[in-house]
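# what follows is a predicted protein model with its sequence.
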Amino acid sequence: MYSISNIGRAVAILSFIIGTTLFSFFLYFGETFIPIGVGLGFIGVAITVNAILLVSNLIASLIYETDRYENLKTCGIILMNIPIAILYFYIIISLNDIRL
């Protein structure tokens, strides 16, 4: 059976891979291939799922003392997606300002 820590890591890595793929497609093909709405929809789903897993890991770290370190490491992995998403968003906004 999978622990909440393993699920959190897998979802955080999957969110990073999907987000980076969408970002790369946008940079390479432009808005004609990947509309902005697809990216914003993904961000909404990713924020919701990752927030639920973050809270679940925090609660699990309080309840299960033996797995506390693993759960807190998973929280760190989940939180690392935030600055990356902000950077991608900033780059896309900057590129759209240049293209106008």
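Here it is on my side, so go on. As the structure is a computational prediction, the values presented were derived from the model and not from experiment. Numbers count the residues shown, from 1 in each chain.

# quick one: contacts of stretch 62-79?
3-5, 8-9, 11-13, 50, 53-54, 57-58, 60-61 (CB atoms under 8 Å, 6 or more residues apart in numbering). Backbone N, C-alpha and C define where each C-beta goes, glycine included.

# what subset of the residues you listed is buried?
4-5, 8-9, 11-12, 50, 53-54, 57, 60-61 (16 or more other CB atoms under 10 Å).

# looking at those, which are in helices?
Among the buried ones among the contacts of stretch 62-79, the members falling in helices (DSSP state H) are 4-5, 8-9, 11-12, 50, 53-54, 57, 60-61.

# need the residues you listed in CSV with distance to residue 76, can you?
As requested, those are arranged in CSV below (distance: CB to CB, whole Å):
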residue, distance to residue 76
4, 15
5, 11
8, 10
9, 10
11, 14
12, 9
50, 12
53, 13
54, 10
57, 10
60, 14
61, 11
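
# residue 18 against residue 42, yeah?
Yes: here residue 18 reaches residue 42: they are 6.4 Å apart, a contact under CB atoms under 8 Å.

# what about the two, which has more around it?
Remark: of residue 18 and residue 42, residue 42 carries more neighbours, 17 against 13, as counted by other CB atoms under 10 Å.

# quick one: pLDDT of the more buried one?
Model confidence at residue 42, given as pLDDT, is 92.

# surely it touches residue 21?
No: using CB under 8 Å, residue 42 is not in contact with residue 21; the gap is 9.9 Å.

# run a quick neighbour tally on residue 30.
What residue 30 shows, counting by other CB under 10 Å, is a neighbour count of 11.

# check it and give its pLDDT.
78.

# what's the answer for the one 4 residues further on, then?
Note for residue 34: predicted pLDDT of 73.

# so where's this structure shaky on pLDDT?
Along the chain, segments meeting pLDDT under 70 span 1, 98-100.

# ok, 90 please
Low-confidence segments of the chain, defined by pLDDT under 90: 1-3, 25-40, 65, 67, 89, 92-100.

# where exactly do the helices run in it?
Under DSSP H, the chain gives helices at 4-29, 36-63, 68-79, 81-99.

# residues of the last one that come out buried?
Of all the residues in helix 81-99, those buried under the rule 16+ other CB under 10 Å are 81, 85, 88, 92.
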